[in-house]
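Chemist: 3D, please:
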Amino acid sequence: MRKSTSNKKILLIEDNISLVNTLRMLLSTRGYEVDFAYSGREASKQISTQIDLILLDISLPDTDGFKLCKKLKNSDKSSHIPIIILSARALSEDIIEGLYLGADDYITKPFECEELIARMEAVIRRSQTYRTPYLHTNNEHLVSEIRRIVDQELITPFFQPIFNLKTFEWIGLEVLSRPTSTKLSNPELLFKLALRLGFYHELEITSWKKALRYASKNLRDKTLFLNCDPYLIEGTSLEEIKEIFNTTNIPIENTVLEITERSAVKDFDLFYNKLKRYRNLGFKFAIDDVGGGYASLDSIVEIMPEMIKIDRHIIAESNKNIYKKSLIKFLVAFCKENNILCIAEGIETKKELQTVINSHVDAGQGYLLQRPTTNINVNHIKTNSSLTYVYRK
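Modeler: Residues are numbered from 1 along each chain as shown. Model (predicted):
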């Protein structure tokens, strides 16, 4: 039984008895407490503040799952509960509709059990971040606050080094944008709200500009990792992107775009065509949060990144977990076979560091190696000298 899921209560809303029994057995073995409902009416009777996650089928005998999702998200009693939609319909417009109505993830049937568990855990981990009154206040207030952040550039770039795990020399810097607004100070919440309210493009571009302006003075010719949602690639012209880099004199060739999955891809053909055009300009790509539930193996195959970043929740306590070790080794083998740089995120203990080194992970970042900082001097970037013993063991 895994401690991370103990006492987590799941409400499964599904009318397929066979699938209900399978999922109840699977989730119970992982430490979840599972209640179920065969219809929207039954589900409404079972909603309580004790529920940690709802798994919702969109084909129910008495209602449409999308309508039920909207109803649950608009209710004070259940708006805080994260929802994962389960559906055999894999059309991109269905996925977009589900996320637009407030669902936290959308999984198509049939699915692998381990993929479901990983994505459930990812959603539950993030749910505490979103349980905030900002999601239930007037949208005009939120729009005004996000507009103020964009107009006044109330974003501070932090930089966290990524180290080669053989030499402990740094190979690049990830840019982590943090709002300086006192009302929306959590970056994950801010970007989620911006996406829902139609301000993601402006917010991310503002974050890029501030980071690149700083880099042009202090980090010229250094490799930068910038977060990049699929929505940004789909909706931004290459001319705008080139102008940002030309203005700041930062070489595109030294920039890695970390593909995050805050939003669903609306048009896969357009998205992958845009990726090729970005790559032709000189950008490299990394897939972020691999193994954490949002970055699928399918996205790695389609994007063909130069780098992947193993999710920090896979790295956490990996020294104690044989399944995490096996997954790390699998990803390392895949990367080596396909000439992809493998990076471990969120290394916080010496035992975790020893584990990723023993697994032959190429590079790593995390608080153990060096914390993010707003004022970085590339001539003095070095990891904790006491860690070198790990590599030499």
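Chemist: Surely T49 touches S79?
Modeler: No: taking contacts as Cβ atoms under 8 Å, T49 lies outside contact range of S79: 11.1 Å. C-beta coordinates here come from the backbone N, C-alpha and C atoms, glycine included.
Chemist: These two: which is more packed in?
Modeler: Counted by other Cβ atoms under 10 Å, T49 and S79 do not tie: S79 has more neighbours, with 14 against 8.
Chemist: Please name the nearest non-neighbouring residue to that one.
Modeler: K73 (5.4 Å; Cβ to Cβ, 6 or more residues apart in numbering).
Chemist: so which strand or helix has that neighbour?
Modeler: helix 65-74 (DSSP states H and E).
Chemist: For whichever helix or strand comes after that helix, give me every contacting residue.
Modeler: The first helix or strand that comes after helix 65-74 along the chain, using DSSP H and E, is strand 83-87. Outside strand 83-87, the residues that touch it by Cβ atoms under 8 Å, 6 or more residues apart in numbering are 14, 53-59, 65, 69, 72-73, 94, 98, 102-109, 111, 119-120, 123.
Chemist: 7 Å instead?
Modeler: 14, 53-58, 65, 69, 72, 94, 98, 102-109, 119-120, 123 (Cβ atoms under 7 Å, 6 or more residues apart in numbering).
Chemist: One more: stretch 173-180?
Modeler: Contacts of stretch 173-180 (Cβ under 7 Å, 6+ apart): 149, 154-162, 185, 187, 190, 207, 211, 219, 222, 224-226, 365, 372, 376.
Chemist: Narrow these to those that are buried.
Modeler: 149, 154-162, 187, 190, 207, 211, 219, 222, 224-226, 365, 372, 376 (16 or more other Cβ atoms under 10 Å).
Chemist: Please flag which of these sit within helices.
Modeler: Among these, the residues falling in helices (DSSP state H) are 149, 187, 190, 207, 211.
Chemist: which one of those sits closest to D267?
Modeler: S207 (24.3 Å; Cβ to Cβ).
Chemist: how about the strands in the stretch 101-250 of the chain?
Modeler: Ranges of strands in the stretch 101-250 of the chain, per DSSP state E, counting those that start in this stretch, are 105-108, 155-164, 170-179, 224-228.
Chemist: Rebuild these as a markdown table, extending it with mean pLDDT.
Modeler: Output for the strands of the stretch 101-250 of the chain, formatted as a markdown table (pLDDT from 0 to 100):
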| stretch | mean pLDDT |
| --- | --- |
| strand 105-108 | 84 |
| strand 155-164 | 94 |
| strand 170-179 | 93 |
| strand 224-228 | 93 |
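Chemist: from memory S318 sits against K329, does it?
Modeler: No: applying Cβ atoms under 7 Å, one finds S318 not in contact with K329, separated by 10.4 Å.
Chemist: list the contacts for I241?
Modeler: No residues are in contact with I241 under the rule Cβ under 7 Å, 6+ apart.
Chemist: Quick check: it vs S144, distance?
Modeler: 28 Å (Cβ to Cβ, to the nearest Å).
Chemist: Okay, now the unreliable bits of this protein?
Modeler: 1-6, 90-97, 99-100, 126-139, 181-183, 261-266, 292-296, 377-393 (pLDDT under 70).
Chemist: how is it carved up into domains?
Modeler: 3-131, 139-392 (automatic domain parsing).
Chemist: Tell me where the stretch 151-300 of the chain has helices.
Modeler: For the stretch 151-300 of the chain, applying DSSP state H, counting those that start in this stretch gives helices covering 187-197, 200-218, 230-235, 238-248, 268-281, 297-303.
Chemist: Distance from the last one to the middle of the chain?
Modeler: Pointing back at helix 297-303 there. 15 Å (Cα atoms, centre = their mean, to the nearest Å).
Chemist: Tell me the first helix or strand C-terminal of that helix.
Modeler: Next element after helix 297-303 (DSSP H and E): strand 307-310.
Chemist: List the strands paired with that following strand, with their directions.
Modeler: strand 284-290 (parallel), strand 341-344 (parallel) (DSSP bridges).
Chemist: quick one: D15 and D62 touch, right?
Modeler: No: at 9.2 Å, D15 and D62 do not qualify as touching, with contact defined as Cβ under 7 Å.
Chemist: what residues are shared contacts of the two?
Modeler: With Cβ under 7 Å, 6+ apart, D15 and D62 have common neighbours S39.
Chemist: Pick out whichever of these two has more residues nearby.
Modeler: Ranked by neighbour count (other Cβ under 10 Å), D15 and D62 place D15 first, with 17 against 12.
Chemist: tell me the contacts of the residue nearest to S79?
Modeler: Per Cβ under 7 Å, 6+ apart, neighbours of K73: 79, 101-102.
Chemist: try 10 Å
Modeler: 79-83, 101-104, 135 (Cβ atoms under 10 Å, 6 or more residues apart in numbering).
Chemist: Report the separation between it and S185.
Modeler: Taken as Cβ to Cβ, the span from K73 to S185 is 24 Å.
Chemist: now I340
Modeler: I340 is 35 Å from S185, by Cβ to Cβ.
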